[in-house]
Each structure stands twice: as C-alpha cells, then as structure tokens.
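Enquirer: any chance you could fold what I've pasted below:
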Amino acid sequence: MITVLYLSSAVQKFSDLELMTLLKKARENNTHVNVTGMLLYHDGNFLQVLEGDEADVRPLFEKIGQDPSHKTVIKLIERPLTERQFGEWSMAFRTIDDLPVEQLAGYSDFLNNPFSVQVAEHPSAAYQFLMAFRESAR
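Expert: Model (predicted):
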C-alpha cells in the first residue's frame, strides 16, 4: 500500500452543491477500488490524502491531475504505507471555510496563509494537519 498527499487549486471556487456532488462521486469511486483518505477544502484549494494499493492509488492520482477543474496539482508526499490512517472512511470530507480553526485539535496558523505557500514549504506539516483533523472529527 501507499499514501499520496497532494494539494490542488480549483479553476473556480466550488459551491456547496458542487462540493457535495464531488464528494458523492469520490466516495462511490473510491469504495469501488478500496481507496480511503480525507479531502479538505478551503477557499478554492483542496488538500487530500489517498491511501490504498499502489495499483489503485496511482491511476486515481493521475486522473485527478488530468481533471480540468484543477489548475494546479502538487504531489507533496508519496510513501509506502503499512497501515491505513483513514481506513474507516471511503473519503472523509470537510469544508473548512467557515470553521473556527482555533478550535481544532492541533491548531496551527497553517490555514491562515495560502495553501500553496504553506504546503509547498512544509509537506509534512500538511500531513500532520490532516492527522490532527482526523482526530478532531472522531
């Protein structure tokens, strides 16, 4: 198994309805290929971790990279995985645009700066942020 963490920027900001449609489709597709993970959305940017068999995760990530609704896709981390970190979720999701982030477990000012800057400079911080978010969502 592998895990892939990536950042992407949408060509246009997603509405709540568009996000829910995306989530439904992602959950259906990911359940079919046994891929789990988490997707966070903030101000037109996505931060996502995918995990599963390499033969399933790599093609999915390539498909995401070719999706015309993204103008930028940056792979931050790809590494072997011995145990799923998001195994309980086909794809957890949360929009964090209106969330008081100071109340999240493991809060940092990570979200107060543009994703593209924060994540590109500190990819492991992005993964740690997702893990803290996972714990607060339980």
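
Enquirer: please enumerate the helices of the chain.
Expert: Taking DSSP state H, the helices of the chain run over residues 16-33, 54-65, 115-121, 123-136.

Enquirer: can you find the helix or strand in the protein with the smallest mean pLDDT?
Expert: strand 92-95 (a mean of 53; mean pLDDT, DSSP states H and E).

Enquirer: ok, back up a step: ranking the helices of the chain by mean pLDDT, which is last?
Expert: Comparing mean pLDDT across the helices of the chain, the weakest is helix 115-121, with a mean of 56.

Enquirer: show me which strand runs longest in this structure.
Expert: strand 70-80 (DSSP state E).

Enquirer: list the pairing partners of that one within its sheet, with orientation.
Expert: Looking at strand 70-80 with DSSP bridges, its partner strands are strand 2-10 (antiparallel).

Enquirer: tell me the angle the partner strand makes with helix 54-65.
Expert: Here strand 2-10 runs at an angle of 10 degrees relative to helix 54-65 (axes from the mean of the first three to the mean of the last three CA atoms, to 10 degrees).

Enquirer: give me the angle between strand 2-10 and helix 16-33.
Expert: Orientation of strand 2-10 against helix 16-33 (the same axes, to 10 degrees) gives an angle of 160 degrees.
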